[in-house]
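S.K.: Please work out how this folds:
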Amino acid sequence: MRRLLAAAAGAAAPPLAALFLVSATLLSATGPAAAQGGGQPALVEVDAVVVEPLAQTAPVIGRVVARQRGVVAALARGPVAEVAVEVGDRVKEGDLLVRLALDRLQESLNAAQADLNRQRAALATARSQLDLSEQELARLDRLQDSPAFSQARYDDKLREVATARARVGEAQAAIAAAQAQVRLAEIDLSLGVIRAPFNGVVVEKHMVRGGYANIGEPAVTLINDEDLEIEADVPARLLSGLEAGRLVSFVLREGGDRRDAIVRAVIPDENALTRTRAVRFVPAMAPTELGRGLAPGATITVRVPVGEARDVVTVHKDAVLPQGGDSVFVVVDGTAQPRPVQLGEAVGTRFVVLDGLTPGERVVVMGNERLRPGQPVMIPGDAGGPPAGGQAPEADDGASNGEGGDGAAGDKTVKSGATAG
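M.R.: Model prediction:
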């Protein structure tokens, strides 16, 4: 019996030794190197901790206004022959909007030109009659010393010459009047074609084909969305920091990026009920960006300065991990080291750093959700790292098993510091 038990124990020994060997291998694989975040480097993107000016500001609700907006009216009367635009069409200065029926206007011009020709003929007749009367008067004048001279006939001829001269003057005045009528008819003909007075977008159409247009009747409403300003009713107590040329910031929507604007004018007309004055700001944006980012009537928030600017340390919002208190991963000697931080107010896409970071340090802003303390990192563009925009290496076992966060990083460029408001 003892021999059988010993044989059984000897047969079971090899599997137990193998178990101990596997356990030792697992312990070596999860030893100090793994505990300290070693393993395959993670591809991340970083942003620098920077110092930038920060001015204390107060939010004031404003609105976007167009500097050019209005109704384009008809300046001539007549049937509407063509409406060349629709609501939403973008037009350039001089583009056709509405065309009136021009046949009556053309005939009015023809009639004015015919009357001008008639007056010119009348002037020629009057001048011929004057020449004839002056010749007869000259002959009578030469007969003054002869017995055939008649004083009465001479006096009659003087009056006839004076009348002929008056008729010439009358014909000249009639020609001037006829020329003015021709010019008016030409103007009416040109005004029968209504054109865009400035670049803009058609926001309302007031005429239809077949209608009748009177002078001053609205044709279309145009708005120039490439020449926009911001108007805000600023409390009088905040006006001391707003002078022409002062740079301020504004936000298009809640949580959006800050944009710059320049004070153009403070309107010297205070509202007695609200104690506010209208202030006009010019957005510091290219005209091509205005139509996409701003629209007349849109509500925005203007940050009005209420104190002197001071320098603050800021970090990008994407670097902050809120789990268990605010912290960031700082790149130190090619590894990601966690560090707790104390943050202040938000400044656009950045936070003011009260404690924990110094200017110039680089923090991870993409790929930080799955990092482990001390894990090696690769930064696009750095020596030894892939070029900017390169593909990330395959994630390690922890990442592939869902430990930590999103997929591989490396699909956006390294961020730069944002400008404080």
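S.K.: got the contact list for the nearest residue to Val182 once chain neighbours are set aside?
M.R.: Of all residues not flanking Val182 in the chain, Ala112 sits nearest, at 4.4 Å (CB to CB, 6 or more residues apart in numbering). Placement of C-beta: from N, CA and C, glycine included. By CB atoms under 8 Å, 6 or more residues apart in numbering, the contact list for Ala112 reads Ala178, Gln181, Val182, Leu184, Ala185.
S.K.: Export only the CA atoms of stretch 303-310, formatted as PDB.
M.R.: Taking C-alpha atoms only, stretch 303-310 is exported to PDB below (Å, rounded to 0.1, in the frame of the first residue of the first chain):
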ATOM      1  CA  ARG A 303     -16.400  90.200 -22.900                       C
ATOM      2  CA  VAL A 304     -16.100  93.900 -21.800                       C
ATOM      3  CA  PRO A 305     -12.900  94.600 -19.800                       C
ATOM      4  CA  VAL A 306     -13.400  95.900 -16.300                       C
ATOM      5  CA  GLY A 307      -9.800  95.800 -15.000                       C
ATOM      6  CA  GLU A 308      -6.100  95.800 -16.100                       C
ATOM      7  CA  ALA A 309      -4.700  92.700 -17.700                       C
ATOM      8  CA  ARG A 310      -2.400  90.400 -15.700                       C
END
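S.K.: buried residues in that stretch?
M.R.: In terms of neighbour count (16 or more other CB atoms under 10 Å), stretch 303-310 has its buried residues at Arg303, Val304, Pro305.
S.K.: Make JSON lines out of the contacts of Ala112 and add neighbour count, secondary structure and distance to Asp382.
M.R.: JSON lines is the format used below for the contacts of Ala112 (neighbours: other CB atoms under 10 Å; DSSP: H, G, I helix; E, B strand; the rest coil; distance: CB to CB, whole Å):
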{"residue": "Ala178", "neighbour count": "20", "secondary structure": "helix", "distance to Asp382": "86"}
{"residue": "Gln181", "neighbour count": "18", "secondary structure": "helix", "distance to Asp382": "82"}
{"residue": "Val182", "neighbour count": "19", "secondary structure": "helix", "distance to Asp382": "79"}
{"residue": "Leu184", "neighbour count": "13", "secondary structure": "helix", "distance to Asp382": "77"}
{"residue": "Ala185", "neighbour count": "19", "secondary structure": "helix", "distance to Asp382": "77"}
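S.K.: Nearest to Val330 among these?
M.R.: Closest approach to Val330 among the contacts of Ala112 (CB to CB): Leu184, at 80.3 Å.
S.K.: mind checking how far that closest one is from Ala112?
M.R.: Here the distance between Leu184 and Ala112 works out to 7 Å (CB to CB, to the nearest Å).
S.K.: ok, now Lys205?
M.R.: Lys205 is 33 Å from Ala112, where distance means CB to CB.
S.K.: likewise Ala81?
M.R.: Distance from Ala81 to Ala112, counting by CB to CB: 22 Å.
S.K.: still on that earlier bit, how distant is the helix or strand hosting the residue nearest to Val182 from the center of its chain?
M.R.: For Ala112, the host element (DSSP states H and E) is helix 103-142. With CA atoms, centre = their mean, to the nearest Å as the basis, helix 103-142 stands 62 Å off its chain's centre.
S.K.: Which positions in that helix come out as buried?
M.R.: 105, 108-109, 112-113, 115-116, 119-120, 122-123, 126-127, 129-130, 133, 140.
S.K.: again, but for stretch 204-223
M.R.: Buried residues in stretch 204-223, counting neighbours by 16+ other CB under 10 Å, are found at Lys205, His206, Met207, Ala213, Glu217, Ala219, Val220, Thr221, Leu222, Ile223.
S.K.: Max pairwise distance over those: which two?
M.R.: For those, and using CB to CB, no pair is farther apart than Ala213 and Ile223, which are 21.5 Å apart.
S.K.: On the three-state scheme, Pro359 is what?
M.R.: What DSSP: H, G, I helix; E, B strand; the rest coil gives for Pro359 is coil.
S.K.: In space, what's closest to Pro235 - neighbours in sequence excluded?
M.R.: Nearest one to Pro235, counting by CB to CB, 6+ apart, is Thr276 at 5.4 Å.
S.K.: Against Arg127, how distant is Ala278?
M.R.: From Ala278 to Arg127 the distance is 66 Å (CB to CB).
S.K.: no wait, Ala55
M.R.: Going from Ala55 to Arg127 by CB to CB gives 82 Å.
S.K.: Could you do Gly325 as well?
M.R.: Using CB to CB, we find Gly325 at a distance of 106 Å from Arg127.
S.K.: Which residue comes closest to Met366 once chain neighbours are left out?
M.R.: Distances taken as CB to CB, 6+ apart place Glu45 nearest to Met366, at 4.0 Å, with adjacent residues excluded.
S.K.: try Ile267
M.R.: Ala278 (4.2 Å).
S.K.: Direction included, what does the host helix or strand of that neighbour pair against?
M.R.: Taking DSSP H and E as the criterion, Ala278 maps to strand 276-283. In the sheet, strand 276-283 lines up against strand 228-235 (antiparallel), strand 258-270 (antiparallel) (DSSP bridges).
S.K.: which residues does Thr221 form a beta bridge with?
M.R.: Taking DSSP bridges as the rule, Thr221 bridges to Val71, Glu204.
S.K.: tell me the contacts of it?
M.R.: By CB under 8 Å, 6+ apart, the contact set of Thr221 is Arg69, Gly70, Val71, Val72, Val202, Val203, Glu204, Lys205, His206.
S.K.: Could you report the separation of Leu132 from Arg277?
M.R.: With distances taken as CB to CB, Leu132 is found 78 Å from Arg277.
S.K.: And the helices in the chain?
M.R.: Remark: helices assigned in the chain by DSSP state H are 2-29, 32-35, 103-142, 151-191, 287-293, 397-400.
S.K.: so for the fourth one, what's the average pLDDT?
M.R.: For helix 151-191, the mean per-residue pLDDT is 88.
S.K.: Let me know how buried the residue nearest to Met366 is, in neighbour terms.
M.R.: 23 (other CB atoms under 10 Å).
S.K.: Is it in contact with Pro380, as I believe?
M.R.: Yes - with contact defined as CB atoms under 8 Å, Glu45 counts as touching Pro380 (6.7 Å).
S.K.: shaky segments in the stretch 301-421 of the chain?
M.R.: Under the criterion pLDDT under 70, the flagged ranges of the stretch 301-421 of the chain are 307, 383-421.
S.K.: Can you show me the strands along it?
M.R.: With DSSP state E, counting those that start in this stretch, the ranges of strands along the stretch 301-421 of the chain come out as 327-332, 335-340, 342-347, 350-355, 362-366, 375-378.
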